[in-house]
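In: attaching a predicted model along with its sequence, questions to come.
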Amino acid sequence: MMKRLLALVPVLLLLTGCSNSWGWYVVDPTTTSGWNNLKFMASGAYYTIGMSVTAIMISVVAGLLVAMPGLSEKRGWWLFNRTYVEIVRSVPVLVLILWVYYGLPALSGITLTVFWAGVLALALSDSAFQAEIFRAGIQSISKGQYEAAQSISLNYRDTMRYVILPQAIRRILPALGNQLVYMLKMSSLVSVIGMQELTRKANELVVSEYRPLEIYTILVLEYLVLILIVSAGVRWLERRMKASDT
Amino acid sequence: MSIISMRNVSKFFGDFQALKDVSLDVALGERVVICGPSGSGKSTLIRCINRLEAHESGEIIVDGTALTDKPDDLEKIRGMVGMVFQQFNLFPHLTVMDNLCLGPRRVLGLSEQEARARAMKHLERVQIPDQAEKFPRQLSGGQQQRVAIARSLCMEPRIMLFDEPTSALDPEMIAEVLEVMTELASSGITMIVVTHEMGFARRVADRIIFMDKGEIVEVGAPEDVFVAPKSKRFGTFLKQILNH
C-alpha cells in the first residue's frame, strides 16, 4: 500500500510543475486576455447545446418510429427494426460523422452544412439506442392495459397515444436523460469536421496559446457544468411526473 | 331473442384446449353467472365474446354480427360489450375522470363537456362522485373496481362482461362492488359474470352455468341447481365453495 502511494509521487511532481509550470494566466478572468480566452471558449457552448438538443429531438422521434415495428408480430416489420438497430448501433459515432459529412454528398448530391451533418450523424447514431429504450419501455407495460383499452374499443393509435406511451415514457425518462448526457459528450466529435463547438474552440485556443493543460481543464469543467444542469433537469422532470400521479 | 350466440366454439393455448365445442345462447337482458374450478375455461369463454382471445373454430355472433378479425365488426362489437377485469386495469396515469372520459371522447366522439357529464352520472351510479379528480392508486380496491365498472358504463354497452370482479378484493370491499353489480342487474342490461360469489348468483342470476375442463357441464336456474345439482362434478364444486 505504502509503495503504491509512493509511486504516485513522481506523477504528482509532474502535475505540480517539476517539468510543467502551471500557467493559469491564459484563462485568468481578471486579465483582459484571460477573460477574452474564456469568452472564446464558452462561445462554443451555443453549438454544443444547439446540436445536442436538435439531435436528441430528432433521435427520440426516429427511435419511436423504429421501435414500433419492433413490437409487431409481423416478421417483416420486426426484421426492419432489428436490421436498423444492429447496423446503426455498430457504426462508431466518429465514423458516422465522417461518413455523413464527406460520404453522403458524393452519394446523394445533397451537401449539408457542418451543423446539419453533425446533427444528422448524432441523431442517426442515437436513434438506434432510443429505439431499444422505447421498445423496452413499451414492453414493460402490462397486458391488462392493452385489454382495458381494447374493451373500450380504442384503436391501436389511440391506445398507444393515450394509454401505453404516456406510461412508458415515465418509465424510460431516466434512460432518456442518460442519452442526452451521452449526446452532449458525443457532440465533441463533430469538431473533427470543423464545428465550432466547445472542443473545437479549446483546440484552437491551444494552438495559439500553447497551454493545453489549463485550457483542456477548463473544457472538462464546461462539460461538467452542462451535464450537471441536464441531470438536475431530468431529476426535476421525474419528480414532477411522479407527483402528478401519486 | 339471443343477443349472444356461440356455436361449437373451441380455443387452444398451444396443446391445451381451453374450450371444447362450447355452445351457449344468452338472451337480451339476461343475467348469467358462470362458475367452475380454476382452469375450467370460464374466463376464456367470456374473453372470446369481445375477442380479447380469438377462438379457433366455431362461431360467435353478437347482436347479429359474427366475430372475426374484420376491424369494423370488431369495433362495432367492442363498442357494445363492456368488460370489468379482476385486476381493474385502470389507466394509472390518468385521473378517475380522465379514465372515464377517454373512451367516450376518442371512440364515441363526445365533446369534453358531454363526456364529463356522462362520467359524473356513472360515478354517481357507482357512488363515488367525490373521487373524480383522484388517481387510481389513491383509491381502495373496491373503489377502483367501481371506477372500472363506471368506465365501461360510460361507453353505454348493451352487454357487460365481468371477469372475477371481486377476486382481487379484500373481503370488506367485496360487498360494495356486488351491491353496484346488483343495482346494475336490475337496470335490464345483459350481464355475464364469472364469479364464485354464490350469494350474488342466487340473488341476481337468471341462469347459472357450471364449467369444467373447457366444457359447459350444467346449466340451470339458481333455484334448481343450488338445491339439486344434476351432475356430480357441480355438486362437489358447490360443496367445496359453500362450505369453505
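Out: Looks like it came in fine. Being a predicted model, the structure only gives us computed values, none of them experimental.

In: name the residues of chain A found near chain B, please.
Out: With the criterion set to Cβ under 8 Å from any Cβ of the partner chain, chain A comes near chain B through A:142, A:144-145, A:147-148, A:150-155, A:158, A:162-163, A:166-167, A:170, A:245-246. C-beta here means a position set from N, CA and C on the backbone, and glycine is covered the same way.

In: in helices, which of these appear?
Out: A:144-145, A:147-148, A:150-151, A:158, A:166-167, A:170 (DSSP state H).

In: residues contacting the spatially most central residue of chain A?
Out: Centroid-nearest residue in chain A, with Cα atoms, centre = their mean: A:M183, separated by 0.8 Å. Counting by Cβ atoms under 8 Å, 6 or more residues apart in numbering or on different chains, A:M183 touches A:52, A:55-56, A:59, A:122, A:126.

In: re the thing from before, buried ones among the residues of chain A next to chain B?
Out: A:145, A:147-148, A:150-154, A:158, A:162-163, A:166-167, A:170, A:245 (16 or more other Cβ atoms under 10 Å in any protein chain shown).

In: ok, which stretches of chain A are helices?
Out: A:2-16, A:32-42, A:45-70, A:75-90, A:93-98, A:104-108, A:114-139, A:143-151, A:156-158, A:165-186, A:198-209, A:212-243.

In: for those helices, which one ends up most surrounded?
Out: helix A:114-139 (a mean of 22; mean count of other Cβ atoms under 10 Å in any protein chain shown).

In: which neighbouring elements make contact with it?
Out: The contact analysis (3 or more Cβ pairs under 8 Å, 6 or more residues apart in numbering or on different chains; DSSP states H and E) places helix A:114-139 against helix A:45-70, helix A:75-90, helix A:93-98, helix A:165-186.

In: between that helix and helix A:165-186, how many degrees?
Out: Interaxial angle, helix A:114-139 versus helix A:165-186 (axes from the mean of the first three to the mean of the last three Cα atoms, to 10 degrees): 140 degrees.

In: got the angle for helix A:114-139 vs helix A:75-90?
Out: Using the same axes, to 10 degrees: helix A:114-139 against helix A:75-90 is 130 degrees.

In: what angle separates helix A:114-139 from helix A:198-209?
Out: Using the same axes, to 10 degrees: helix A:114-139 against helix A:198-209 is 140 degrees.

In: just give me how far helix A:114-139 sits from the chain centre.
Out: 9 Å (Cα atoms, centre = their mean, to the nearest Å).

In: then stretch A:168-177?
Out: 15 Å.

In: mean confidence for it?
Out: Mean pLDDT, computed over stretch A:168-177, is 91.

In: over to stretch A:41-50?
Out: Stretch A:41-50 comes out at a mean pLDDT of 93.

In: distance between the ends of it?
Out: Start-to-end span of stretch A:41-50 (Cα to Cα, to the nearest Å) is 16 Å.

In: what does that stretch contact?
Out: A:27, A:115, A:184, A:187-188, A:195-202, A:205, A:215, A:218-219, A:222, A:226.

In: same thing but at 6 Å, please
Out: For stretch A:41-50, the external contacting residues (Cβ atoms under 6 Å, 6 or more residues apart in numbering or on different chains) are A:187, A:195-198, A:201-202.

In: could you do stretch A:162-169 as well?
Out: Residues outside stretch A:162-169 that contact it (Cβ under 6 Å, 6+ apart) are A:137-138, A:141, A:145, A:149, B:91, B:93, B:102.

In: CA atoms of stretch B:210-228 as CSV?
Out: Extracted C-alpha coordinates of stretch B:210-228, given in CSV (Å, rounded to 0.1, in the frame of the first residue of the first chain):
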residue,chain,number,x,y,z
PHE,B,210,-71.1,-24.6,-14.5
MET,B,211,-67.9,-25.2,-16.5
ASP,B,212,-65.2,-27.8,-16.0
LYS,B,213,-62.3,-28.7,-18.2
GLY,B,214,-63.3,-26.4,-21.1
GLU,B,215,-66.9,-27.7,-21.2
ILE,B,216,-70.3,-26.5,-20.1
VAL,B,217,-71.3,-29.2,-17.7
GLU,B,218,-74.5,-27.9,-16.3
VAL,B,219,-76.9,-25.1,-16.9
GLY,B,220,-79.9,-24.2,-14.8
ALA,B,221,-81.9,-21.6,-12.9
PRO,B,222,-80.3,-20.9,-9.5
GLU,B,223,-83.2,-22.1,-7.5
ASP,B,224,-82.9,-25.5,-9.2
VAL,B,225,-79.1,-26.0,-9.4
PHE,B,226,-78.3,-24.9,-5.9
VAL,B,227,-80.9,-27.2,-4.4
ALA,B,228,-80.3,-30.2,-6.6
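
In: for it, buried residues please.
Out: B:210-212, B:214-220, B:222, B:225-226.

In: those into CSV, with extra columns for pLDDT?
Out: Output for the buried residues of stretch B:210-228, formatted as CSV (pLDDT from 0 to 100):
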residue, pLDDT
B:F210, 95
B:M211, 95
B:D212, 93
B:G214, 93
B:E215, 93
B:I216, 94
B:V217, 94
B:E218, 93
B:V219, 93
B:G220, 92
B:P222, 90
B:V225, 88
B:F226, 86
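
In: and the residues you listed, which of them are in strands?
Out: B:210-212, B:215-220 (DSSP state E).

In: and those residues, which is closest to chain A?
Out: If you rank those by distance to chain A using Cβ to the nearest Cβ, B:M211 comes first, at 20.9 Å.

In: what's near enough to touch B:L90?
Out: B:99, B:136, B:144, B:147-148.

In: got the phi and psi for it?
Out: phi -70, psi 160 (degrees, to the nearest 10).

In: not counting its neighbours along the chain, what's nearest it?
Out: B:P136 (4.1 Å; Cβ to Cβ, 6 or more residues apart in numbering or on different chains).

In: might you report the residue contacts of A:A55?
Out: A:119, A:122-123, A:183 are the contacts of A:A55 under Cβ under 6 Å, 6+ apart.

In: could you list the low-confidence segments of chain B?
Out: Residue ranges of chain B with pLDDT under 70: B:244.
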